[in-house]
Each structure stands twice: as C-alpha cells, then as structure tokens.
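[1] Predicted structure and sequence below. I'll ask about it afterward.
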Amino acid sequence: MEQQTLLKIARLRTHAARSGRAFDVVRFAQDPAFAKATLQQLMDSDDEALIVLGLELMQALGMVRLDPPAAPPAPAAESQAPQKKEDRSDRYIGRLH
C-alpha cells in the first residue's frame, strides 16, 4: 500500500475518532471487505470533511472512480454525413433601437 494511502487512512481514522466513530486501522488496511463496510458506515454522515476523506480513500483503494468520464467519440455515420442547413424561415428577426 502506498504511503499516501496510509496517510489518508490515518487522517480518516483521526477524523472518525473525533466524531466517536473510531475503527481498527490495521484491519482496515488488510481486509478490503472491512474497509468497504467501514467507509460506507462512516460516509453516512453530515460531516463534509469525513465524506470527502472517505471518497478520496475509496478512490485510492480502487473502490470507486471519481474522474469524469471521457467524452464519447462521435459516431462514424454522423461525422461523415453532409451537414444540413438549418431552416430559419420561422424565426423572428428584429432590431434594437
């Protein structure tokens, strides 16, 4: 386990303990099922900092992917089709004075 992940576990444990929800860090680091259950329990909270720490840790442990998905490529049929001109005959065109 990377040093940064261990530091996140320590920060989460400290913050959880302050809110009366301490957990076993050794078991958390060794048992993925326990870690997931603990994170789910801890993140059922109104404490924004605790939730953010939990999400960061879930990402570090590979439990979730928080990166935005890449835009899907345009379908080949649409990208090769000729572009139609938009009919603007029904639009109001006026001027500002």
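    Good, I have the coordinates.
[2] Now do residue 13: how many residues are near it, please.
    Look at residue 13: counted by other CB atoms under 10 Å, it has 19 neighbours. Where you see a C-beta, it was placed from the backbone N, CA and C, and this is true even at glycine.
[3] Let me know the secondary structure of it.
    When the structure is reduced to helix, strand and coil (DSSP: H, G, I helix; E, B strand; the rest coil), residue 13 reads as helix.
[4] where along this protein do the helices fall?
    Counting by DSSP state H, the chain forms helices over residues 3-18, 25-30, 32-42, 48-60, 76-80, given from the N-terminal end onward.
[5] These into a markdown table, with extra columns for mean pLDDT?
    As requested, the helices of the chain are arranged in a markdown table below (pLDDT from 0 to 100):
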| stretch | mean pLDDT |
| --- | --- |
| helix 3-18 | 92 |
| helix 25-30 | 92 |
| helix 32-42 | 92 |
| helix 48-60 | 90 |
| helix 76-80 | 57 |
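[6] List the buried residues of stretch 24-39.
    Along stretch 24-39, the positions that meet the burial threshold by neighbour count (16 or more other CB atoms under 10 Å) are 25, 28, 35, 38, 39.
[7] err, stretch 45-60, not the other one
    Buried residues in stretch 45-60 (16+ other CB under 10 Å): 47, 50, 53, 54, 56, 57, 58, 60.
[8] ok, so of these, who is nearest residue 12?
    Nearest to residue 12 among those, counting by CB to CB, is residue 53 at 4.7 Å.
[9] if I look at that closest one, how far off is residue 45?
    11 Å (CB to CB, to the nearest Å).
[10] repeat for residue 61
    In this structure, residue 61 and residue 45 are separated by 19 Å, where distance is defined by CB to CB.
[11] cool, residue 24 as well?
    19 Å.
[12] now residue 58
    Using CB to CB, one obtains 14 Å as the distance from residue 58 to residue 45.
[13] swap in residue 28?
    When distances are taken as CB to CB, residue 28 and residue 45 turn out to be 17 Å apart.
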